[in-house]
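what follows is a predicted structure for the sequence shown.
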Amino acid sequence: MSRRRAWSLPRPLHPGAWWIWALGLATAASRTTNPLLLILVVVVAGVVVSARRGDAPWSTGFRAYLMMGLLVIAIRVGFRMLLDGQHGTHVLFTLPHLPLPEAVRGIQIGGPVSAEGLLAALYDGMRLAALLICVGAANVLANPKRLLKSMPGALHEVGVALTVALTFAPQLVESGKRVHRARRLRGEQKRRLRLVEQVLIPVMTDALDRSLALAAAMDSRGYGRVGLVARRTRVLTGLLVLVGLLGLCVGSYGLLDTTAPRPLGLPILAIGLASAGAGFLLGGRRVQRTRYRPDPWRIPEWCVSASGVAVAAVLFVTASIDPDALNPSLQPLQWPALPVVPALGILLGLLPAWVAPPVRSSRPAPSRPPATAAADHGRHPPAARQNEIHPPSPDAPSPDARPLAAQTAPPPVATPR
Amino acid sequence: MISFEHVTVRYDEAAEPILRDVHLTIDEGELALVVGTTGSGKSTLLRAINGLVPHFTGGHLQGRVVVGGRATAENLPRELADVVGVVSQDPLSGFVTDVVEDELAYSMEQVAVAPDIMRKRVEETLDLLSIAELRARPMRTLSGGQQQRVAIAAALTGHPRVLVLDEPTSALDPTGAEEVLAAITRLVHDLGVTVVIAEHRLERVVQYADLVLHVRSDGSVDTGDPATILAGADVAPPVIQLGRLCGWTPLPLSVRDARRQAAALRGQLATLTPPALTPDAAPNAVALRARNVVVRYGDVTAVREVSVDLHPGEVVALMGRNGSGKSSLLWALQGAGTRAAGSVDVAGTDPGRATPAAARALVGLVPQTAADLLYLSTVEGECRQADLDAGLAPGSTRALLDDLVPGIDGGQHPRDLSEGQRLSLALVVQLSASPSIVLLDEPTRGLDYGAKDHLAQVLRGLADDGRTVVVATHDVEFVAAAAERVVVMAEGEVVADGPTAEVVIASPTFAPQVARILFPEPWLTVPQVAAALAHARATAP
């Protein structure tokens, strides 16, 4: 097998690469209000998502992000129309004006709505929506939990806490639904106060029960083993990381705020980085833990993240050279033109649709002939034969469902080939 | 492998110790079965093995528990993770990750197994429990039996020498339970893992056990080989009850053993007819008429054109695999669940179109987690609220509760009740609206034999009052004792509907133990046989 084919074998891409790519696209989107470029960004994200998403639960939400984007635009335009529509000369229509007391003179509700105002709101809404959709694309393409797993060893505990929280939210929604349904069985009183009592209390007790069960399970499975590390080392690690993070915060503030005294900037940032780094190193050494199948960072990961960075870079450069192309003029009104260089730059973001390895399906390969499967099962000792011969697709109502005959029929017999 | 030296456990708020002077040893490679009534301390015993009691749960443990040479007093549960693997009752609540393969690796990551060994062990374990096809599947899409096997696999990858399982088959249909038990026995026989398992449904596991630990209600524990201990235990599966009734020695533990000894009994019973559960009460009256009921969730059809008539005064068991549409059908019949098509008619009204309060007066449903119905902080409060909702005289619901289960303290929190008591409270709350039809979804989960017998009596009593009772359940023994009609569902359709004896006797999955032992004679339960034998003895000269 050639080298090129070896790295393009189906596997999940490193989640970090997807996030760099998506943040690159998002940064690009934040640089422009040109609707054509923004549409291009969303199309690029959409194409890559449809080409490279898996069939896991977190991969199905892209449509929801698109809807959310539309909602953002609608809200933005709606409010602009209502509150601040009258900038510009091309008045499209006039909303009934709501007179307000003199004290709030700055605010105006209703009144004339101009094309310029509407378009400005639309462009702004589109930019926000594009940002949201880019982040959504990252969420859909990369399992957020795998990203947490890639955190440095010293932050393992934090990572697990976040993972558990991520699992917890959908479970909470589920038990809320269940209890709400059960409420109808008791006749569903109209009094609102009861709602809190009837839904909130059972859901909370359920959640508490579940977290206790999870804590017990995690404890039994070795979570938080400290092994043979001295207490002093642990305290030192915690201290280093804490000081480091504080330094990072203060340092970046100093760097970004131009009025802050100079030494608050780079020096503090450097100290913070060093301290956090030392903490992580020390912590990583003390951690008596290993990682199962860590996501490798290979050529596709480099390509995917590079394409994201490239998109951002092209837009940054054009923004400083030719800002008018990225922000179409509203005064006077004119059709936005599609600037060639930024458009080509955004198209670079399409690269992952080809360079990222295809995802492995979580469903078993359908091409496997049943006869082979039966023979495989027949080779197992009798105890193993009870198992599914045709694992159903995960979205079936009961993954365990088999024809009744399969339950009663004798186990498949090994056929020599 | 595991030794308890004079262990006494007392929880802080309890007056009496839950385990009293437990002294026992479980050797390497044994399958030990922990039996006892609900609340007798089975779970405490299991959790003491890896130190969750008292490190995690609190309470006071006196004495010494040693596992694989390490005492739980000096080792926290997490430090014992490489010796003891624990599988909890509800595996889903114990999963840390969301994909099967990662879950299997989790324990090993914690105990720092080298990556290449980890990779190898995951593959081996996937094969060992035959879940290789599930490796990339998210947990939530697995069926109950698959989840349980994944949980066992996840506990096994760390190569613990002891595996502790708390009611591994309680939520599973008969086939799913078989899968899990087959996997467990394979571990014991092929790998020499020491397994400690607590289970209410003894009929499923007792024949595999090498050792039985019987936790008595006073907290003392008897240990011995299964036949000896179960001869005198307060919980016994039907096969043992039948053995005790007929005085068979040695006491049979499996259907196979019992069949060998039952030849004489079969001959004797061939001349007798089993008593029918109820004389048919007006078979033509229809309490509920459902026609072509369809339930869909998105593009999944859960119930597919089901038509069924329910008659007053009958107890109907609704059986079928996990996910065959039983719950969906019950919810659709009650009207609280969705119904895409079809009609339901109770005394001329469609409960799906009625207001929730009116639907409740027609059809009462006790959901799978009965606690969802209860939200007040005392039993008394729940009863009062039920009176208020149904417009009854104060105290009526409480009186009904005392009829069903006497002696529940009204000031108790519903969550502190035993499983059976909580179920009764939920049932009584639903009965307060005096529906003519009562539906119960999986009521036998977590009930011991005594509680199940009691529930069967209660349901029969409701039917005798002219109500219709429908019970969705996996518990074949309960069905044999309580129901006169069985409806079997598969993939959302009704595949069998008829008198219990006709439907279950020939079925390899749904036949109760007594039917298997006495096949081809149509007997279903031990009390039936006992009554017939007593009657024959009395009428004989």
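Looks like it came in fine.

what does the stretch 401-541 of chain B have sitting close to chain A?
Contact residues, the stretch 401-541 of chain B versus chain A (Cβ under 8 Å from any Cβ of the partner chain): B:R415, B:V429, B:Q430, B:A433, B:A490, B:E491, B:G492, B:V495, B:S507, B:P508, B:T509. Glycine gets a C-beta too; all of them are placed from N, C-alpha and C.

just the buried ones among those residues, please.
B:V429, B:Q430, B:A433, B:A490, B:E491, B:G492, B:S507, B:T509 (16 or more other Cβ atoms under 10 Å in any protein chain shown).

now the last one. Nearest residue, chain neighbours left out?
Closest residue in space to B:T509, ignoring its immediate chain neighbours: B:P174 at 4.7 Å, by Cβ to Cβ, 6 or more residues apart in numbering or on different chains.

pretty sure the one you found sits against B:A511.
No. Checked against Cβ atoms under 8 Å, the pair B:P174 and B:A511 is beyond contact range at 9.7 Å.

overlap in contacts of these two?
By the contact definition Cβ atoms under 8 Å, 6 or more residues apart in numbering or on different chains, B:P174 and B:A511 are jointly contacted by B:V476.

how many residues are close by the residue nearest to B:T509?
B:P174: 20 surrounding residues under other Cβ atoms under 10 Å in any protein chain shown.

need the contact list for it.
Contacts for B:P174 (Cβ under 8 Å, 6+ apart) come out as B:H474, B:V476, B:T509, B:F510.

so what pLDDT did the closest residue to A:T94 other than its chain neighbours get?
Closest residue to A:T94 apart from its sequence neighbours, by Cβ to Cβ, 6+ apart: A:P112 at 4.6 Å. pLDDT, A:P112: 80.

in chain B, what residue lies closest to chain A?
Chain B approaches chain A most closely through B:G323 (2.2 Å), counting by Cβ to the nearest Cβ.

that residue - that's part of a helix, no?
No. Using DSSP: H, G, I helix; E, B strand; the rest coil, the assignment for B:G323 is coil, not a helix.

count the residues that sit near it.
20.

tell me the phi and psi of it?
phi 80, psi 20 (degrees, to the nearest 10).

and it, how far is that from B:G145?
As defined by Cβ to Cβ, to the nearest Å, B:G323 lies at a distance of 10 Å from B:G145.

sorry, back to before: pretty sure the residue of chain B closest to chain A sits against B:L142.
No. With contact defined as Cβ under 8 Å, B:G323 does not count as touching B:L142 (10.8 Å).

mind checking pLDDT for residue 290?
With no chain named, the answer covers chain A. pLDDT, A:T290: 76.

wait, I meant chain B there
Looking at B:A290, its pLDDT stands at 94.

can you tell me the SS state at it?
Per three-state DSSP, B:A290 ends up strand.

ok, now which ones touch it?
Applying Cβ under 8 Å, 6+ apart, the residues near B:A290 are B:V306, B:S307, B:V308, B:D309, B:L333, B:G342, B:S343, B:V344, B:D345.

that one bridge partners, please.
B:V308, B:V344 (DSSP bridges).

relative to B:E30, how far out is it?
For B:A290 relative to B:E30 (Cβ to Cβ), the value is 50 Å.

helices of the stretch 1-150 of chain B, start to end?
B:42-49, B:52-55, B:91-94, B:100-110, B:115-128, B:144-156 (DSSP state H, counting those that start in this stretch).

show me what the third one is packed against.
Using 3 or more Cβ pairs under 8 Å, 6 or more residues apart in numbering or on different chains; DSSP states H and E as the contact criterion, the neighbours of helix B:91-94 among helices and strands are helix A:201-220, helix B:144-156.

next SSE downstream of the last one?
Scanning forward in sequence from helix B:144-156 by DSSP states H and E, the next helix or strand is strand B:162-166.
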